[in-house]
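Novice: 3D model of this:
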Amino acid sequence: MTELSSRKPAPLQSELFVSIHEEPKSYEISQTVSPINGSSPPLSVESPLSPADELFAKVRELLVKMKTPKTDAEVAADLQVLKSQAKEWLQRLVKEGVLEKHTRPARYGLKSQRSLLE
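Specialist: Have a look, this model is predicted:
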């Protein structure tokens with residue numbers, strides 16, 4: 001029993017970290033967000049567009065670059081979104097006159113020059 005009674009009691013957790021104190025670092029927040037690949041100008045933090053509208057603008061930009069017509073499933077796979085979301089965006093672009101819908105099989109492609117002149 002003398003061996004147990006001669007041991008010093010374990011320090012409390014609050015005593016262990018009393019001397020360790022680190023000041024929090026301060027960070028400066030930038031007013032603009034620069035694109036990773038430099039393909040478009042920096043976005044202002046105070047953009048007049050809603051986040052949904054900014055996202056749709058980027059989707060429009062990507063879909064206008066399509067070389068061949070694609071189905072809504074192919075667009076969904078390319079953008080890694082649900083098919084229903086891709087279909088909604090494609091239908092909106094058709095309504096805006098950016099894309100046209102082809103039939104059998106249903107595909108979406110850029111509006112042809114001929115139909116732009118009509």
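
Novice: any weak-confidence spans in this protein?
Specialist: 1-6, 11-47, 113-118 (pLDDT under 70).

Novice: strands along that one, start to end?
Specialist: With strands called from DSSP state E, the chain shows them at 32-33, 43-44, 99-102, 107-110.

Novice: how about the helices in the protein?
Specialist: With DSSP state H, the ranges of helices along the chain come out as 2-5, 13-16, 51-63, 72-79, 83-95, 113-117.

Novice: next, the angle helix 83-95 makes with the third one.
Specialist: Read that as helix 51-63. Taking axes from the mean of the first three to the mean of the last three CA atoms, to 10 degrees, one finds helix 51-63 and helix 83-95 inclined to each other by 80 degrees.

Novice: who are the packing partners of helix 51-63?
Specialist: Applying 3 or more CB pairs under 8 Å, 6 or more residues apart in numbering; DSSP states H and E, we find helix 51-63 packed against helix 72-79, helix 83-95. For the C-beta atoms, the positions are set from N, CA and C on the backbone; glycine is no exception.

Novice: nearest to Ala106, of those helices?
Specialist: Closest to Ala106 of the helices and strands packed on helix 51-63 is helix 72-79 (CB to CB; 7.3 Å).

Novice: contacts for that closest one next, please.
Specialist: The contact list for helix 72-79 (CB atoms under 8 Å, 6 or more residues apart in numbering) reads 59, 62-63, 70, 82-83, 85-87, 89-90, 106, 108.

Novice: go again using 10 Å as the cut-off
Specialist: For helix 72-79, contacts defined as CB atoms under 10 Å, 6 or more residues apart in numbering pick out 58-59, 62-63, 66, 68, 70-71, 81-91, 101, 105-108.

Novice: got the angle for it vs helix 51-63?
Specialist: 100 degrees.

Novice: could you measure from Pro48 over to Ala57?
Specialist: Counting by CB to CB, to the nearest Å, the gap from Pro48 to Ala57 is 12 Å.
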